[in-house]
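Visitor: 3D model of this:
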Amino acid sequence: MKNYVCFCFILMFFFAACDESLTTDEGDQTNDVENPIVDAKEPISEMPYSQIPNKEYTIDLAHWDIPNNSTNPEKTTDNLQAAIDWAVGEGYGKIRLPAGHYLIGKERTWQYQVGLDLRSNMALLLDKDAVIEMAPNDKGNQAAILVWKSVNVLISGGTILGDRYQHTYSGGTSHNEGHLIEIKSENVTVENVALGRAAGDAILMVGEPKNIDIRGNNIFDNRRQGVSVAGGENVVIENNEIHHTKGTNPQFGIDIESGTYSQNDIKIRNNHFHHNHGGDICNRHGRNVLIENNIMEQGEGSEYRDGPIVYWNNADLTIRNNEITMLTRSLNGWIGIIMYSKGDPKTNPATTHIYENTVTGCGFYMYKGADLNIHDNKIIEGFMCFKEMSNLTLNDNDVIYNSSAGRDKAYSFFQVTGSASGNTYKGEPIDFPLSSEPWDGGIVMI
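Guide: Numbers count the residues shown, from 1 in each chain. Okay, the predicted model is just below:
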């Protein structure tokens, strides 16, 4: 049994919060996604809500005088809306949109551009070759599809695009509230949709939505976020590919934060993240958040600004069985999972659990917090660093490290309390005398 103890010179990192970034990237409107309309799918056949009637209607484009050749957005919006409203009024639940390119969008107010407003107890089912696209505009706020007060709604199939590369960015505003789907309701599912080129987010949940499922989608090339949870309970985000998020901060695949609304009981699982400039997942305010079985890759030719997973000390979450890979350092350093604090006191008594993850080319850094249970992680060419942390449980982790990689420490501690057992370095056991008394120490790389 080896016991390596020395005073540790704590790594110094730059901090870039999810919404308080060091860089802005405003005006970066370069399309760096080849063939961005990829993986368009057929709509699902099984309805997620029993309240959606089985009665089907395929929108008759000729009858409703709906262009499907990417022209006349106001006419397309009005007539598509009229067809949807009529179908729901006649008791149709499954409303199918044929193949075609539908350019939509009209001014609702001087600052808000909108497209379609969906009704309760309906499924909007896009043909695999149907594309709904927001017409170019100069509004600071826009949404191609609204689900505001309606319940039991499904959106599935085809492609929905924003006006990111044709938008007029002017007027002293960030123009980052341009969304493809905006949800402020209950019982909403978005499944098997290609969602890209939003000036803001592909999907925004805001207010008090409940029971929201986002699954099986290709979420790509969006300017601010893939998915923003700015309010929501019982949210499931699973089996999506979320990638190439870049343009204006925060630039995360998924961002959970709101200073107004609660975000509780959120599951993020089995997703593939890559080429997201800010990072893959940020949890600033979420409670009982589960992050599991995801693949998070920086992606060749891409750089993380913050890092794969960022969370704050008063959020609580479980991070388990994920694969995380970094190729270059972010502004925070070589950190795959980082906890921000800024010294704010931890008032949430819940414990955060991080276990059974495989992290390559990076490590963990937790700062000024408490109540962590970290175990059975495999850190390849990385480290674990804890500063001013209380009630840390650190068990059965393995750091596999090649000193030529240039990292400073495999394990390091500064003013840390808790317990540790079963940890290894290069397969060799290593002891850390954590207790109720704050401890400084670590293992120096040679």
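
Visitor: beta partners of the residue minimising distance to the centre of the chain?
Guide: Central residue of the chain (Cα atoms, centre = their mean): Ile254, 0.9 Å from the mean position. On the basis of DSSP bridges, Ile254 is bridged to Val227, Ile281.

Visitor: how about low-confidence regions in the stretch 1-150 of the chain?
Guide: 1-38 (pLDDT under 70).

Visitor: what residues of the longest helix that the chain contains count as buried?
Guide: Of all the elements of type helix in the chain, the one with the most residues (DSSP state H) is helix 73-89. Residues of helix 73-89 classed as buried: 73, 76-81, 83-84, 87-88 (neighbour count, 16 or more other Cβ atoms under 10 Å). Bear in mind the C-beta positions are built from the backbone N, C-alpha and C, glycine included.

Visitor: helix or strand right after that helix?
Guide: Sequence order places strand 94-97 as the next helix or strand after helix 73-89, per DSSP states H and E.

Visitor: who are the packing partners of that next one?
Guide: With contacts taken as 3 or more Cβ pairs under 8 Å, 6 or more residues apart in numbering; DSSP states H and E, strand 94-97 sits against strand 56-58, helix 73-89, strand 122-126.

Visitor: just want the angle from the last one to helix 73-89.
Guide: What that stands for is strand 122-126. Put simply, strand 122-126 runs at 130 degrees to helix 73-89, going by axes from the mean of the first three to the mean of the last three Cα atoms, to 10 degrees.

Visitor: can you list the strands that strand 122-126 pairs with?
Guide: Sheet pairing of strand 122-126 (DSSP bridges) gives strand 94-97 (parallel), strand 153-156 (parallel).

Visitor: highest mean neighbour count out of the ones you listed?
Guide: strand 153-156 (a mean of 26; mean count of other Cβ atoms under 10 Å).

Visitor: quick one: that strand to chain centroid distance?
Guide: 20 Å (Cα atoms, centre = their mean, to the nearest Å).

Visitor: and for the helix or strand following it, what are the contacting residues?
Guide: Moving toward the C-terminus from strand 153-156, the next helix or strand (DSSP H and E) is strand 159-161. Strand 159-161 is contacted by residues 37, 40, 126, 130-134, 144-145, 180-181, 193-197 when judged by Cβ atoms under 8 Å, 6 or more residues apart in numbering.

Visitor: for PyMOL, what selects the buried ones among the residues you listed?
Guide: For the buried members of the contacts of strand 159-161, the matching PyMOL selection, counting by 16+ other Cβ under 10 Å, is:
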select buried, resi 40+126+130+131+132+133+134+144+145+180+181+193+194+195+196+197
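
Visitor: quick revisit: tabulate the helices and strands packed on strand 94-97 in CSV, adding columns for distance to Glu297.
Guide: Shown next, in CSV, are the helices and strands packed on strand 94-97 (distance: least, Cβ to Cβ, whole Å):
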stretch, distance to Glu297
strand 56-58, 40
helix 73-89, 37
strand 122-126, 29
